[in-house]
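> my questions are about this predicted structure, shown below with the sequence.
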Amino acid sequence: MTLLETTLTQSNEFDFLAGGGEMGARIRAYDWRGSVLGPPEGWPESLKVTLQLLLNAQQPMLIWWGPQLIQFYNDSYIPMMEARRHPSALGGRARDFCADIWDVVGPQVEYVMAGKGATSEENRLAPVIRRGQPVNAWWSYSFEPIEGGVGGVFVLCSEVTSQHLSHESLEGQTRQLTQLFEQAPGYMAVLRGPDQVFEFTNSAFVNLIGGRDFIGKPLREIIPEIVPQGALELLEEAYNARKARVGTRAPLKVRPLAGGPLKEIFVDFVFQPIVEANGAISGIFVAGVDVTDHVHAEQHLQLINAELEHRVKNTLAVVSGIASQTFRGAVSDTVLDTFMSRLGALGKAHKLLTAKSHAAIPTRDVVEQALTPHRMGHRRISVSGPEIVIGSKQALSLGLAVHELATNAIKYGALSNDRGRIAISWWEKIDDGVAVFHFLWRESGGPPVVLPSIKGFGSQLIEGQLAWAFEGHVEVRYMPSGLICRLTAPVAKLELPLPASVPRCQGGTR
């Protein structure tokens, strides 16, 4: 045979192996005449066609051909191999190449070669040797028969170890999060879809509502007793409006025992829409706290305060009667009236405190209560300031001080004529990096102010008691245009209100 004839023969012999990148070139260069497969011109057509598919595919593929399962693979499979196995794996036996996982894949290959059809695995653990060390690896693969299962096996495979580990990590985080939800002291539930179907409930929720088969059931069906109480409407509002609904101390009647009586509870709650990645609302996350015991404790405290108010009122009445009988004739009526007035102011301040369920009240309430008997039907006293809550000690002292200032204004100051005015204001301000509470009493339009020659009990109460109660500083200035009283104290010494970022709705929702 001439050189030209030999070249043409080799060209025709490898036409079906045209292209194929690195592995196409290696297969063409391989000495197949010394292999059990023999020269390529004798290879079955099915093997040639499958090799063309393998070499031009982007997905990792192998062919294991014949009884010896002689191995072919494409360029996409090379990155999945150990460096020491490439390119020596070409033309070798699959059993040798996959010795470390043959106990896993061997039976599956035999199944295919026996003509029983294809087989596949998803996310299958098949440990391999890498850098001389055994490591766990996960694979997704399929074994397809070539020529009815007697010619060879066509292998599609991909290593999914990184995906498996990521999924396993995500599942672990999900389990941990589920455990945290389950153990949370507050109640939680996840409702899906517009029909509010239960997907998840924690133990606190079950304990609150009662043991029922929640999962997969619509709220309307599984807790029918709350439907007429407005809870379903609030959930639908949150779902449709894509906006959370919040409530505190909301009364709710539930039936903890099947067929049992309704039980009233009080709950704080949040109905938070669940927003998916595409922006759609898929459900509602329900969370909250059972505050029934807290509400009952407050109701009990209110009862105790009412009894306390009644007893203090009676005690002050007795003190007033004793003082009236003891001092009448011994002191002037003016002195007796002053004592009675101060006793009355003390009673009103105490009543204001006991009217609250906690020992702290807004500054405005304290001021307005103390001014009530002094307004005399006109609007010559202005009151302004933000919502600042003060403690019981400060409230008592501030109420007595305002009463004393108003009494003096009627006798000697801005309210002793028909033109004078009083401006009362308070605010918070940062002074030298510290939040400071300011309270200001300013009179104007009254008769000229004269500095008193003697400081009586009223002055001592204003300048001493008020400063002590607020742990601050009190300054009284007798200006010709009108008396000025200024109190400054660290905000940290006050009982602060809840921040504006935490909305509250007593016994209702928002």
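Ah, there it is. The shown structure was predicted, so the numbers you read here are calculated from the model rather than taken from an experiment.

> which strands and helices sit next to the helix or strand containing Glu182?
Glu182 is part of helix 161-183 when elements are defined by DSSP states H and E. Identification of packing neighbours for helix 161-183 by 3 or more Cβ pairs under 8 Å, 6 or more residues apart in numbering; DSSP states H and E yields strand 138-146. Where you see a C-beta, it was placed from the backbone N, CA and C, and this is true even at glycine.

> tell me the mean pLDDT for the strand it packs on?
Here strand 138-146 scores 89 as its mean pLDDT.

> that older thread, for the helix holding Glu182, buried residues please.
By neighbour count on 16 or more other Cβ atoms under 10 Å, the buried set for helix 161-183 is His164, Phe181.

> so it versus strand 138-146, what angle?
130 degrees (axes from the mean of the first three to the mean of the last three Cα atoms, to 10 degrees).

> which SSE is immediately downstream of helix 161-183?
Sequence-wise, the next helix or strand downstream of helix 161-183 (DSSP H and E) is strand 187-192.

> and that following strand, how far out from the chain middle?
13 Å (Cα atoms, centre = their mean, to the nearest Å).

> what of stretch 115-127?
What separates the centre of stretch 115-127 from the centre of its chain is 43 Å, taken as Cα atoms, centre = their mean.

> show me what contacts the nearest residue to Leu191 once chain neighbours are set aside?
Of all residues not flanking Leu191 in the chain, Ile284 sits nearest, at 4.6 Å (Cβ to Cβ, 6 or more residues apart in numbering). By Cβ atoms under 8 Å, 6 or more residues apart in numbering, the contact list for Ile284 reads Val190, Leu191, Gln196, Leu235, Ala238, Tyr239, Phe271, Gln272, Pro273, Ile274.

> other residues contacting the host helix or strand of the fifth one?
Counting by DSSP H and E, the element that carries Ala238 is helix 231-241. Applying Cβ under 8 Å, 6+ apart, the external contacts of helix 231-241 come out as 191, 194, 196, 219-220, 226, 243-245, 247, 252, 271-273, 281, 283-284, 286, 509.

> now list the buried members of those residues.
So, by 16+ other Cβ under 10 Å, the buried ones in these are 191, 196, 219, 226, 245, 247, 252, 271-273, 281, 283-284, 286, 509.

> widest-spaced pair of those?
Pairwise distances across these (Cβ to Cβ) peak at 24.1 Å, for the pair Leu252 and Ile281.

> burial of Tyr141, as a residue count?
By the measure other Cβ atoms under 10 Å, the count of residues near Tyr141 is 20.

> over to Phe198?
23.

> check it and give its pLDDT.
For Phe198, the pLDDT comes out at 92.

> once you drop chain neighbours, what's closest to it?
Per Cβ to Cβ, 6+ apart, closest to Phe198 is Phe214, 4.2 Å.

> still on that earlier bit, for the helix holding Glu182, list the C-alpha coordinates in PDB.
Included here for helix 161-183 are C-alpha records, laid out as PDB according to Å, rounded to 0.1, in the frame of the first residue of the first chain:
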ATOM      1  CA  THR A 161     -20.700  17.500  46.100                       C
ATOM      2  CA  SER A 162     -20.700  21.200  46.500                       C
ATOM      3  CA  GLN A 163     -24.400  21.400  45.900                       C
ATOM      4  CA  HIS A 164     -25.100  18.600  48.300                       C
ATOM      5  CA  LEU A 165     -23.000  20.200  51.100                       C
ATOM      6  CA  SER A 166     -24.700  23.600  50.500                       C
ATOM      7  CA  HIS A 167     -28.100  21.900  50.600                       C
ATOM      8  CA  GLU A 168     -27.100  20.000  53.700                       C
ATOM      9  CA  SER A 169     -25.900  23.200  55.400                       C
ATOM     10  CA  LEU A 170     -29.200  24.900  54.500                       C
ATOM     11  CA  GLU A 171     -31.200  22.000  55.900                       C
ATOM     12  CA  GLY A 172     -29.100  22.200  59.100                       C
ATOM     13  CA  GLN A 173     -29.800  25.900  59.400                       C
ATOM     14  CA  THR A 174     -33.500  25.300  58.700                       C
ATOM     15  CA  ARG A 175     -33.600  22.600  61.400                       C
ATOM     16  CA  GLN A 176     -31.900  24.900  63.800                       C
ATOM     17  CA  LEU A 177     -34.300  27.800  63.000                       C
ATOM     18  CA  THR A 178     -37.300  25.500  63.300                       C
ATOM     19  CA  GLN A 179     -36.000  24.400  66.700                       C
ATOM     20  CA  LEU A 180     -35.600  28.000  67.800                       C
ATOM     21  CA  PHE A 181     -39.100  28.700  66.700                       C
ATOM     22  CA  GLU A 182     -40.400  25.600  68.400                       C
ATOM     23  CA  GLN A 183     -38.700  26.600  71.700                       C
END
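
> other residues contacting it?
With contact meaning Cβ under 8 Å, 6+ apart, helix 161-183 is reached by Asn123, Asn136, Ala137, Trp138, Met188, Phe200, Asn202, Ser203.

> wait, the third one sits on Arg124?
No: taking Cβ atoms under 8 Å as the definition, Ala137 is not a contact partner of Arg124, at 9.5 Å.

> is the residue nearest to Phe198 located within a helix, as I assumed?
No: under DSSP: H, G, I helix; E, B strand; the rest coil, Phe214 falls outside any helix and is assigned coil.

> give me phi/psi at it?
Per-residue torsions, Phe214: phi -70, psi -50 (degrees, to the nearest 10).

> so how far is Ile284 from it?
14 Å (Cβ to Cβ, to the nearest Å).

> also Ser453?
Distance from Ser453 to Ile284, by Cβ to Cβ: 72 Å.

> could you do Gly413 as well?
Applying Cβ to Cβ, the value for Gly413 to Ile284 is 60 Å.

> quick check: which ranges of the stretch 51-200 of the chain have low pLDDT?
148-150 (pLDDT under 70).

> same thing with the chain?
1-14, 148-150, 300-359, 375-378, 457, 495-510.

> what residues go with each domain of it?
Here the domain parsing of the chain from automatic domain parsing is 3-164, 184-290, 295-493.

> need those domains in a markdown table with distance to Leu170, can you?
Shown next, in a markdown table, are the domains of the chain (distance: least, Cβ to Cβ, whole Å):
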| stretch | distance to Leu170 |
| --- | --- |
| domain 3-164 | 10 |
| domain 184-290 | 15 |
| domain 295-493 | 41 |
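
> got a markdown table for the contacts of helix 161-183, with distance to Glu182 too?
A markdown table is the format used below for the contacts of helix 161-183 (distance: Cβ to Cβ, whole Å):
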| residue | distance to Glu182 |
| --- | --- |
| Asn123 | 27 |
| Asn136 | 30 |
| Ala137 | 34 |
| Trp138 | 29 |
| Met188 | 9 |
| Phe200 | 9 |
| Asn202 | 5 |
| Ser203 | 6 |
